[in-house]
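> okay, sequence plus prediction incoming.
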Amino acid sequence: MRIIILTVLSAVIATVIAGCAVVKVPDATGGSKSDGTVDMSYEYGMFEKPQVQWDKALITARQRCQAWGYRDAEPFGRATEKCEAYNGYGNCVRQLVTRKYQCTGSN
């Protein structure tokens, strides 16, 4: 009985330490109509392992660009990460990831 309890407890601890996989769909969080850019962002916690659906982010960015009179959008540069919250030990416990999309082609 002790072996089973220890095995289950070890599996739970390993899962917490390894982190939980979570699906993240970035939302439009900023940008500029005049510059033709859309910022797409998501947040994740310290123990989360984000599986990001960038394909859905591109659809949203395209829709925003089309509403502004552009035909399409494409990722521009790399995603940036910024710590949004720290714990008492100075470790980052919540990250904000943002990727900029450039609107392309005018109607």
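Perfect, thanks for sending it.

> can you list the strands that whichever strand in the chain runs longest pairs with?
Under DSSP state E, the strand in the chain containing the largest number of residues is strand 70-86. Here the strand partners of strand 70-86, with direction, are listed using DSSP bridges: strand 92-106 (antiparallel).

> please state the offset of the partner strand from the chain centre?
In terms of Cα atoms, centre = their mean, to the nearest Å, the centre of strand 92-106 is set 9 Å apart from its chain centre.

> buried sites along it?
Burial within strand 92-106, assessed by neighbour count using 16 or more other Cβ atoms under 10 Å, is assigned to 95, 97, 99-103. (C-beta placed from N, C-alpha, C; glycine too.)

> swap in stretch 31-46?
By neighbour count with 16+ other Cβ under 10 Å, stretch 31-46 contains the buried residues 31, 36-44.

> flag the helix or strand of this structure with the lowest per-element mean pLDDT.
The element with the least model confidence among the helices and strands of the chain, by mean pLDDT, DSSP states H and E, is helix 2-18, at a mean of 49.

> what's downstream of that helix, the next helix or strand?
The first helix or strand that comes after helix 2-18 along the chain, using DSSP states H and E, is strand 20-24.

> that older thread, got a markdown table for the buried residues of strand 92-106, with distance to Asp55 too?
Formatted as a markdown table, the entries for these read as follows, by distance: Cβ to Cβ, whole Å:
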| residue | distance to Asp55 |
| --- | --- |
| Gln95 | 21 |
| Val97 | 16 |
| Arg99 | 12 |
| Lys100 | 17 |
| Tyr101 | 13 |
| Gln102 | 17 |
| Cys103 | 18 |
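
> wait, isn't Cys103 in contact with Ser32?
No. Judged on Cβ atoms under 8 Å, Cys103 makes no contact with Ser32 at a distance of 9.5 Å.
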